[in-house]
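Q: no letters, just coordinates:
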């Protein structure tokens, strides 16, 4: 009965070891499969993040170009519009940059999470192997304890029966030949059983020592895996914080960009309204110049008729000049010519109705020809304006206008001579820098001043 129990125990131990071995093989395999799928998914996400970085970099480059265009000098435009457009372009650049940083941070986070999965999987596999090793140590320890109990029991039985004296007893004790053979067989069996138990005990002790050594190795590996996992978790947490910070910056950039868009849209609407008002100003000036031209021609006709009748008096005709016009700012270069041009902000074609001369604010402005100052006033688009009717210049009736002035040197009704200082360069009205916007009407029609200078 006792041997049957021992045999059953051995069989159970073998089954337990087989189950543990299967668990040791199967569990890491399942974890490895799961980790492979997760790593594949994270690699795909990282590739998508890299593609997004490339796209955002291209968008950032385009935004930088738009910012450069918006910051270019637009001399006849609202300074508010230019500033709002430049701010919007900068905001778009910042937004694109923030989005690119976010994409990189997200890519780094994906990489960190992938490493998390790898280190966690390695740790899990090592822990499963360690658990199986602990079970094996416990089973070997149990087997060793059982073997030690068995050997001890056998030793006690032999001691109690004094079997070591079997040879002497056999010799000195009278007995039959059959009885003697039985005693010798019994002694041999007892000796062989004791030797087998001791050998089994030694084998079990060796197995236990091997299991403990393997457990020590696995414990060391598990410790390293835990440290690696902890370190990687720290890196992952840093990557997560960087991604969160980048996301917050993107949101702030989006909010700023939306505000800049709203401000730019408002500035564009205002500039469009101002452009309509400026066109109304042009129409009004054209009407006034046409009326003065008509009055001058009527006066000259009346004077000529009166002279033909031999009468004197009336308006004296304006003197004719064949010297033409001179530059209102000697030596100044033309920064923007007369003609149609694409507005860099509004993106519409519009007439630049004069010739711009570059000069610092306060630079003296000279009369392009002799004549009479007819108007001085401020306009929202042209700033401080001054008009001179020159009368007949080379057979044509001419009027000039000087705009964006910082101040006047003459007054309305005053006669001025060619080259006389009449005003000073400024940047009033729709102007983003100091310059003179010079305009010319010939026979009541606006023309390109460069053709007459």
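A: Received, thanks. Just so we're clear, the structure is a prediction, and the values are computed from it rather than from any experiment.
Q: quick one, phi psi at residue 369?
A: For residue 369, the backbone dihedrals (degrees, to the nearest 10) come out as phi -160, psi 170.
Q: let's have the chain start at 250 instead
A: Done: numbering now begins at 250, and the last item shifts to residue 618.
Q: where along this protein do the helices fall?
A: 251-319, 328-410, 415-421, 426-557 (DSSP state H).
Q: those: lowest mean pLDDT?
A: Averaged per stretch, pLDDT over these is lowest on helix 415-421, reaching a mean of 48.
Q: for the stretch 550-699 of the chain, which spans come out with low pLDDT?
A: For the stretch 550-699 of the chain, applying pLDDT under 70 flags the ranges 560-572, 593-594.
Q: repeat the analysis, applying 90 as the threshold.
A: 550-573, 590-600, 629-630, 643-644, 679-682 (pLDDT under 90).
Q: that one: strands as residue ranges?
A: According to DSSP state E, counting those that start in this stretch, the stretch 550-699 of the chain carries its strands in the segments 583-585, 588-591, 598-601, 604-607, 613-615, 620-628, 632-642, 645-654, 656-657, 664-665, 670-673, 684-691, 694-696.
Q: how about these, which one is nearest residue 459?
A: Nearest to residue 459 among the strands of the stretch 550-699 of the chain is strand 588-591 (86.5 Å), distances taken as C-beta to C-beta. For glycine as for every other residue, the C-beta is placed from the backbone atoms N, C-alpha and C.
Q: from the chain's centroid, how far away is the closest one?
A: 36 Å (C-alpha atoms, centre = their mean, to the nearest Å).
Q: same check on stretch 367-387?
A: Relative to its chain's centre, stretch 367-387 lies at 43 Å (C-alpha atoms, centre = their mean).
Q: got it, and stretch 461-474?
A: Computed by C-alpha atoms, centre = their mean, the separation of stretch 461-474 from the middle of its chain amounts to 45 Å.
Q: tell me the buried residues in that stretch?
A: 463-464, 467, 470-471, 474 (16 or more other C-beta atoms under 10 Å).
Q: what do you get for stretch 387-398?
A: Residues 388-389, 392-393, 395-396 are the ones in stretch 387-398 that count as buried (16+ other C-beta under 10 Å).
Q: out of those residues, which is nearest to residue 622?
A: In terms of C-beta to C-beta, no member of the buried residues of stretch 387-398 lies closer to residue 622 than residue 388, at 116.1 Å.
Q: other residues contacting stretch 651-660?
A: 577, 603, 610-611, 613-614, 622, 625, 631-635, 637, 665, 669-678, 680, 684-688 (C-beta atoms under 8 Å, 6 or more residues apart in numbering).
Q: how about stretch 522-538?
A: Outside of stretch 522-538, the residues within contact range by C-beta under 8 Å, 6+ apart are 327, 595, 599, 602, 624, 628-631, 636, 638, 648, 650, 679, 690, 693, 695.
Q: residue contacts, residue 449?
A: Residue 449 touches residue 396, counting by C-beta under 8 Å, 6+ apart.
Q: quick one on the thing from earlier: next, format the buried residues of stretch 461-474 as a markdown table and append distance to residue 402.
A: Below are the buried residues of stretch 461-474 laid out as a markdown table (distance: C-beta to C-beta, whole Å):
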| residue | distance to residue 402 |
| --- | --- |
| 463 | 31 |
| 464 | 30 |
| 467 | 35 |
| 470 | 40 |
| 471 | 39 |
| 474 | 44 |
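Q: what is the nearest of the residues you listed to residue 300?
A: Among these, and counting by C-beta to C-beta, the member closest to residue 300 is residue 474, at 33.7 Å.
Q: could you find the closest non-adjacent residue to the closest one?
A: Spatial nearest neighbour of residue 474, excluding adjacent residues (C-beta to C-beta, 6 or more residues apart in numbering): residue 372 at 4.0 Å.
Q: ok, the one you found - contacts?
A: Counting by C-beta under 8 Å, 6+ apart, residue 372 touches 471, 474-475, 477-478.
Q: filter the contacts of stretch 522-538 to the buried ones?
A: 327, 595, 602, 624, 628, 630-631, 636, 638, 648, 650, 679, 690, 693, 695.
Q: could you list the domains of the protein?
A: 251-518, 567-700 (automatic domain parsing).
Q: in a markdown table: those, plus distance to residue 544.
A: Formatted as a markdown table, the domains of the chain follow (distance: least, C-beta to C-beta, whole Å):
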| stretch | distance to residue 544 |
| --- | --- |
| domain 251-518 | 30 |
| domain 567-700 | 10 |
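Q: which one, of those domains, ends up nearest to residue 557?
A: Checking the domains of the chain against residue 557 by C-beta to C-beta gives domain 567-700 as the closest, at 18.8 Å.
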